[in-house]
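In: Quick check, what structure comes out for this input:
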Amino acid sequence: MEKINWEILAFLRFILASVVMIGHLSDGRDIGFLKVFTYLGSFEAILGFLVVSGFSIGKSIIRNQEDYLKRRIFRIYPVYIASILFGLLTSSISSIHINFHFMLTFFINFFFLNNIVAKITDSHFLFNTPAWTLNVEVWMYCLAPFLLKLKKNTLVFLIFASFICYLSYESGRTLFHWPYYFGTMYGINLVLLAFIWITGFCLAIFPESNKLNRRIIIFLFTGHLLLKIGIQIIFRIKHHSINELIREDVACFIGNIICLTTVYFIIFYSFKASIFKPFTKRVFNLLGNISYPLYLTHCTTFGFLATKYNLKNPFLLILAAITISYLIYATFDFYSRKRALS
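Out: Numbers count the residues shown, from 1 in each chain. Model prediction:
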């Protein structure tokens with residue numbers, strides 16, 4: 001894994017962001033054959049995104065530790081602030097009041113304190129729900145210099161401790177109706193989802209333990225899938241809806257497996273892919289770069305166009321979301337554009 005095809009990982013990020021986007025697009029809309037992409041699973045796409053993030057950060061901090069946090073700030077904040085401005089500009093002016101609540105909300109979100117002191121849904125005039133995963137990533141970025149100092153066995157312990165917490169919470173969501181992750185507080189998301197990010201981090205900083213890393217990620221993905229499938233089967237049996245299990249759920253199970261299997265093979269075997277032509281590399285890198293603003297702004301784009309212009313065509317909505325994402329990247333993402341030109 002010393003040779004890394006970053007172009008393929010960039011394209012993977014775009015695909016995973018698109019899976020989440022199409023999943024949100026399908027809420028309350030008929031999206032036709034695009035529904036097939038929802039079977040891949042938005043949450044599975046998030047797990048894939050987090051493991052790729054951990055891997056990328058691991059390689060970044062090993063390469064240069066001195067200005068690591070500075071690089072992260074330049075990478076995150078311009079697009080992040082742009083997404084806030086885009087949300088404000090597309091909101092009804094009457095719903096925005098510059099008062100203490102507004103300033104407090106802005107402070108909480110600016111420093112990624114959502115899901116710690118407030119739920120992400122409390123900031124309805126600033127953010128859409130996908131931003132909750134960015135909170136997890138940013139705090140993992142901050143912990144990365146500390147994690148780098150830990151031994152491999154300690155990191156493996158943290159992975160499995162977090163995974164046990166995750167499995168427990170997933171079970172509690174069914175048994176006790178605990179909220180979905182964007183609706184949590186007190187920073188428990190960091191504990192619940194750290195396992196997959198740290199796994200990607202370990203892939204980067206301990207490449208000599210490739211066999212162990214593969215076993216860990218297979219175990220995590222398999223454990224997640226078995227729990228999800230088991231819960232759904234029990235739910236269908238309890239509500240006497242086995243037909244729904246066969247007609248709808250099986251396709252989702254297969255899609256989830258395909259999604260995580262694809263992530264696994266790209267992470268571990270993309271280095272075997274043949275060298276791409278320069279044009280293909282540029283396209284893949286571009287798609288990877290716009291995946292970040294696409295993830296943050298697609299809900300805002302959909303909501304604005306559907307409310308203001310009654311636009312319902314899913315293809316036009318997707319095209320609009322990608323266009324807005326490219327414009328934000330081209331205007332605000334100075335870090336990625338500089339890196340692409342170098």
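In: contacts, neighbours, all on C-alpha from now
Out: OK.
In: center of this protein - which residue?
Out: Nearest to the geometric centre of the chain sits Ile46, at 3.8 Å (Cα atoms, centre = their mean).
In: which one is that residue nearest to, not counting chain neighbours?
Out: Of all residues not flanking Ile46 in the chain, Leu16 sits nearest, at 7.2 Å (Cα to Cα, 6 or more residues apart in numbering).
In: what does Ile108 give?
Out: Distance criterion Cα to Cα, 6+ apart; nearest residue to Ile108, sequence neighbours excluded, is Asn114 at 6.3 Å.
In: ranges for the helices of the stretch 1-150 of the chain?
Out: Along the stretch 1-150 of the chain, counting by DSSP state H, counting those that start in this stretch, helices occupy 6-25, 35-38, 42-63, 68-89, 100-110, 132-148.
In: Using TSV, lay out the ones you listed together with mean pLDDT and distance to Phe160.
Out: Compiled in TSV, the helices of the stretch 1-150 of the chain are given as follows (pLDDT from 0 to 100; distance: least, Cα to Cα, whole Å):
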stretch	mean pLDDT	distance to Phe160
helix 6-25	95	24
helix 35-38	94	29
helix 42-63	95	15
helix 68-89	91	27
helix 100-110	80	30
helix 132-148	94	15
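In: what's near enough to touch the residue nearest to the centre of the chain?
Out: 16, 20, 133 (Cα atoms under 8 Å, 6 or more residues apart in numbering).
In: residue ranges with poor pLDDT in the protein?
Out: For the chain, the stretches flagged by pLDDT under 70 are 1-2, 92-97, 118-130, 274-275, 340-342.
In: before we move on, what SS does the residue lying farthest from the centre of it have?
Out: For the chain, the residue at maximal distance from the C-alpha centroid (Cα atoms, centre = their mean) is His240, at 34.1 Å. Recorded secondary structure, His240: coil (DSSP: H, G, I helix; E, B strand; the rest coil).
In: Can you tell me how far it is from Phe253?
Out: Noted for His240: a distance of 19 Å to Phe253, by Cα to Cα, to the nearest Å.
In: hang on, the earlier thing: correct me, but the residue nearest to Ile46 touches Leu50?
Out: No - at 10.3 Å, Leu16 does not count as touching Leu50 under the criterion of Cα atoms under 8 Å.
In: who touches Pro314 in this structure?
Out: Pro314 sits next to 25, 31 when contact means Cα under 8 Å, 6+ apart.
In: mind checking how far it is from Met21?
Out: 11 Å.
In: Could you do Phe332 as well?
Out: Separation of Phe332 from Met21 (Cα to Cα) stands at 21 Å.
In: Between those two, which is the more surrounded one?
Out: Comparing Phe332 with Met21 by other Cα atoms under 10 Å, the one with more neighbours is Met21, at 24 against 19.
In: From the structure, what's the count of residues near the closest residue in space to the more buried one that isn't next to it in sequence?
Out: What sits nearest to Met21 in space, not counting adjacent residues and going by Cα to Cα, 6+ apart, is His298, at 6.4 Å. Burial of His298 is recorded as 28 neighbouring residues (other Cα under 10 Å).
In: What of Leu148?
Out: Applying other Cα under 10 Å, we find 16 residues neighbouring Leu148.
In: where's it relative to Ile61, distance?
Out: 8 Å.
In: List the buried residues for stretch 319-334?
Out: Neighbour counts over stretch 319-334 (16 or more other Cα atoms under 10 Å) mark 320-322, 324-326, 328-329, 332-333 as buried.
In: Hmm, Asn135 and the residue nearest to Ile108 touching each other?
Out: Yes - Asn114 lies in contact with Asn135 (Cα under 8 Å); the separation is 7.0 Å.
In: quick one: which of these two has more around it?
Out: Neighbour totals were compared for Asn114 and Asn135, and Asn114 leads with 28 against 23 (other Cα under 10 Å).
In: Tell me who's in contact with the more buried one.
Out: Asn114 sits next to 108, 120, 132, 135, 185 when contact means Cα under 8 Å, 6+ apart.
In: now Gly200
Out: 50-56, 58.
In: next one: Ser83
Out: Taking Cα under 8 Å, 6+ apart, we find Ser83 in contact with 293, 296-297.
In: Give me the neighbour count for the closest residue to Ile22 other than its chain neighbours.
Out: Among residues not flanking Ile22 along the chain, Thr38 sits closest, at 6.5 Å (Cα to Cα, 6+ apart). Number of residues near Thr38 (other Cα under 10 Å) recorded here: 22.
In: Kindly report the same for Thr154.
Out: By other Cα under 10 Å, 10 other residues sit near Thr154.
In: do the one 10 residues further on as well
Out: Neighbourhood size, Ile164 [other Cα under 10 Å]: 15.
In: closest one to Thr199 among the helices of the stretch 1-150 of the chain?
Out: The closest of the helices of the stretch 1-150 of the chain to Thr199 is helix 42-63. By Cα to Cα, the value is 6.5 Å.
In: Taking helix 6-25 as reference, get the angle to that closest one.
Out: Inter-element angle recorded for helix 42-63 and helix 6-25: 150 degrees (by axes from the mean of the first three to the mean of the last three Cα atoms, to 10 degrees).
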